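*Asks:* just the structure for this:
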Amino acid sequence: MGNRTIWFWLSLVMLCALILASYASIYYYNEYSRYQALYNQAVEELKQLKTHMLVNVLINYGNGTLEWHNETRVPIGASLLNVTEKVADVNYTVYPFGVFVTAINGRGGESGYYWMWYIWNSTTAQWDLGPVAADAFTLHHGDIVSWVYEKPSW
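*Replies:* Numbering: from 1, shown residues only. A predicted model of the protein is given here:
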């Protein structure tokens, strides 16, 4: 009877060890799968950073409504017009010097008011008036631009 008891307890301990080992295997396999998926996602995001950039766009409708489009992902070399068309419905007229934006998301056309664009100058901590037409301005990673519907002071 002593040998049977020893074998019984030894078998019970081995069964418990087998159950714990199975549980640990399943747990670590699931963790491996989760981290593998996160790694693959990170690799894909890094690949996109080689061909895409992130920019921030503010649309100020001139009536107190501000609409931010932060970290907008666009292809490297995209113009301000490309980015604006990605985040809003844009109407514009093409001239020899470039495009002239007439409405953004249906807002525009009031006498004396125009859509003006600005770029944030981090050196002076001020908004600088856009130097060229929106289709002629190539954005860079991290740029902050703003469209403002306003009555210019000129």
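
*Asks:* which parts of the protein are strands?
*Replies:* Residue ranges of the strands in the chain, as given by DSSP state E, are 52-60, 66-75, 90-95, 98-104, 114-121, 126-129, 144-150.

*Asks:* put together TSV for these, with mean pLDDT on each row.
*Replies:* Formatted as TSV, the strands of the chain follow (pLDDT from 0 to 100):
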stretch	mean pLDDT
strand 52-60	94
strand 66-75	94
strand 90-95	96
strand 98-104	96
strand 114-121	97
strand 126-129	96
strand 144-150	97
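
*Asks:* of all these, which one comes closest to C16?
*Replies:* Taking C-beta to C-beta as the criterion, strand 66-75 is the member of these that comes nearest to C16, at 51.3 Å. For every residue, glycine as well, the C-beta is placed using N, CA and C.

*Asks:* list of residues touching the closest one?
*Replies:* Residues outside strand 66-75 that contact it (C-beta atoms under 8 Å, 6 or more residues apart in numbering) are 48, 51-61, 82-83, 86-87, 139.

*Asks:* so what strands line up beside it?
*Replies:* Strand partners for strand 66-75, identified by DSSP bridges, are recorded as strand 52-60 (antiparallel).

*Asks:* buried sites along the strand it pairs with?
*Replies:* Within strand 52-60, the residues that count as buried by 16 or more other C-beta atoms under 10 Å are 53, 55-60.

*Asks:* export only the CA atoms of it, formatted as CSV.
*Replies:* Included here for strand 52-60 are C-alpha records, laid out as CSV according to Å, rounded to 0.1, in the frame of the first residue of the first chain:
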residue,chain,number,x,y,z
HIS,A,52,4.8,59.9,-45.7
MET,A,53,5.0,62.8,-43.3
LEU,A,54,2.8,64.3,-40.6
VAL,A,55,1.6,67.9,-40.7
ASN,A,56,-0.9,69.9,-38.7
VAL,A,57,-3.6,71.9,-40.3
LEU,A,58,-5.9,74.5,-38.7
ILE,A,59,-9.0,75.8,-40.4
ASN,A,60,-10.2,79.1,-38.9
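
*Asks:* that'll do, ta.
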